[in-house]
Each structure stands twice: as C-alpha cells, then as structure tokens.
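Student: pasted the sequence and its predicted model underneath.
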Amino acid sequence: MRRKDREVTDKDKIREIISNCYCCRLGLNDCGRVYIVPLSFGFQEKEGSYTFYFHGAKTGRKIDLIKENGYAGFEMDTNYALNEAERACEYSARFQSVIGSGRVSLIEDMEEKQKALQAIMYHNTGKDEWEFSDKSIHAACVFRLEPEELSCKEHL
C-alpha cells in the first residue's frame, strides 16, 4: 500500500469497516478483460481470516466466469464524503475501503449453503435464525470468496 498513513491493520477496525459495507464488487477475468459485478454479501471472520458469501442465479456470465477461473478481485467501501476546498486540486474525499483477491467457488453442500445464506441475511438485516426451505436452498446459487490478499484503508 502506497499510503501507509491510511492503512488499517487493527483487526477490530477492519471487521467494523466490512460490517458497514453493503456492496461488494467482484472483478472477474473474462478472456483478459475485467467483468465487475456489484453484489450484496455476508461474511464470517475467524482469527482475522474472512470468508465472503454471495448468492444469485445459477446461470449467467458471473457463474460461467467463476467456474472457468475460480479467482476474483474484490472491493467494498463505505462512509464516502467529499472534502470541499477553495481550489480544485485541494478537494479530497473521506472514505473507508477494503480490497483484495482470492479463490471464489460455488457451494454445493446444503448445510454450508444454508450457513452462507444465514450470513448474507444477518449482514443485510441484523437478524439471524432465518428459515430456508430445501426448495429455496436448492434453487439458489451460493458461492464463497476466500481472500488470499486483503487490505483496508481509510481517509477520514
């Protein structure tokens, strides 16, 4: 990271920033071009390592690229605000962001899919203990991203 003064390394602070983000953008390789898709997500953190969960349709470009490449970059951000100034070059922005890359894969196991869907619902609603029918679990395409690299930055 070029701006070490903006790097966040505190595990609690990183978890807090991720918790405040509601859109994770996945960047997937499509024949040497980048395909970026914004997704709602859920996550689990264990000893500073994260697993991000997503869901969507079982078919489409995103799923094809996940199956083909199995790797993605990601970005999420929160708390954006413009810092105004007298001159154009003095403007700046306040923000918190997380970026990284890692292995992305489809989840087939019913129990793990349900756990992932619970994490997504908890992150987006603050409520847990959702019930999912077997039919709805089968119908959903659920996938995970396990970051190999993750960095967090803030400018407040």
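Tutor: Structure's in. What do you need? Numbering: from 1, shown residues only.

Student: now do the same end-to-end measure for stretch 105-113.
Tutor: End-to-end distance for stretch 105-113: 12 Å, by Cα to Cα, to the nearest Å.

Student: got the buried residues for it?
Tutor: Within stretch 105-113, the residues scored as buried using 16 or more other Cβ atoms under 10 Å are 107, 113. C-betas here are computed from N, CA, C, even on glycine.

Student: packing partners for the longest helix anywhere in the chain?
Tutor: Looking across the chain with DSSP state H, the single longest helix is helix 110-125. Judged by 3 or more Cβ pairs under 8 Å, 6 or more residues apart in numbering; DSSP states H and E, the packing partners of helix 110-125 are strand 42-46, strand 49-56, helix 134-139, strand 141-155.

Student: can you do 10 Å?
Tutor: When contacts are defined as 3 or more Cβ pairs under 10 Å, 6 or more residues apart in numbering; DSSP states H and E, helix 110-125 sits against strand 42-46, strand 49-56, strand 92-107, helix 134-139, strand 141-155.

Student: residue nearest the centroid of the protein?
Tutor: Most central in the chain under Cα atoms, centre = their mean is Cys24, positioned 3.8 Å from the mean C-alpha point.

Student: across the sheet, point out what pairs with that residue.
Tutor: Per DSSP bridges, residues listed as beta-bridge partners of Cys24: Leu39.

Student: and Glu129, what does it touch?
Tutor: For Glu129, the contacting residues are 118, 121-122, by Cβ atoms under 10 Å, 6 or more residues apart in numbering.

Student: which one of the residues you listed is nearest to Thr9?
Tutor: Closest to Thr9 out of those is Tyr122 (25.7 Å), distances taken as Cβ to Cβ.

Student: give the contact list for the closest one.
Tutor: With contact set as Cβ under 10 Å, 6+ apart, Tyr122 has these partners: 42-44, 128-130.

Student: from Gly42, how far out is it?
Tutor: Per Cβ to Cβ, to the nearest Å, Tyr122 is found 6 Å from Gly42.
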